[in-house]
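# sequence and predicted model, in that order:
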Amino acid sequence: MKLQTVSPDRILQIIRRYTADNRVTKAQIAAMLGLPYRKSNNDPVDRAIRDAVTELRRRGEPICSTAGQAGYWYSYADLDIIIRDLKSRGREMFDTASVLERARRQHETKAIRQLELV
């Protein structure tokens, strides 16, 4: 199976069979799809699986996972886990963007002051 043929729907079929007590890892998903897998964030198979999971979640599929523990599972009952995690990451990204905006303004202000001194 070529990487381009990895479909979110196929990954959904796999994840639907798993629970919080019996999670499926990206390596297992890759093996079920007949794809080579290297445990690396820059591995194209790893990225394709994560992208498919993101797409499925955006469709409203209750695909759960927890930070620091490998594996996905399918559960409406456990959705609060992933909702909290996603909101927390969103807040962290927003906070980081805000700090960078302030740093840019400070840099621009400093640059303008230096030009005024010339």
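Thanks, I have it.
# so Trp73, which state does it fall into?
Here Trp73 is recorded as strand under DSSP: H, G, I helix; E, B strand; the rest coil.
# please apply the same query to Gly60.
Secondary structure, three-state DSSP: Gly60 is coil.
# same deal with Gly34?
Judged by three-state DSSP, the three-state class of Gly34 is coil.
# just give me the neighbour total for it.
By other Cβ atoms under 10 Å, 8 other residues sit near Gly34. Quick note: C-beta positions are derived from backbone N, CA and C, even for glycine.
# over to the one 10 residues further on?
Pro44 is surrounded by 13 other residues when neighbours are defined as other Cβ under 10 Å.
# confidence score at it?
Confidence at Pro44, expressed as pLDDT, is 90.
# state the distance from it to Lys26.
Pro44 sits 12 Å away from Lys26, going by Cβ to Cβ, to the nearest Å.
# who touches Val53 in this structure?
8, 11, 15, 63, 65, 72 (Cβ atoms under 8 Å, 6 or more residues apart in numbering).
# now do the contacts for Tyr18.
For Tyr18, counting by Cβ under 8 Å, 6+ apart, the contacting residues are 24, 71-74.
# secondary structure class for Lys39?
Going by three-state DSSP: Lys39 is coil.
# still on that earlier bit, which one of the contacts of Tyr18 has the most neighbours?
Counting neighbours by other Cβ under 10 Å, Tyr72 leads the contacts of Tyr18 with 24 neighbours.
# mind listing the helices for this structure?
In the chain, the helices defined using DSSP state H lie at 8-15, 26-32, 44-58, 79-117.
# what residues does the first one touch?
What it means is helix 8-15. Residues outside helix 8-15 that contact it (Cβ under 8 Å, 6+ apart): 24, 29, 32-33, 49, 52-53, 55-56, 59, 61, 63, 72-74.
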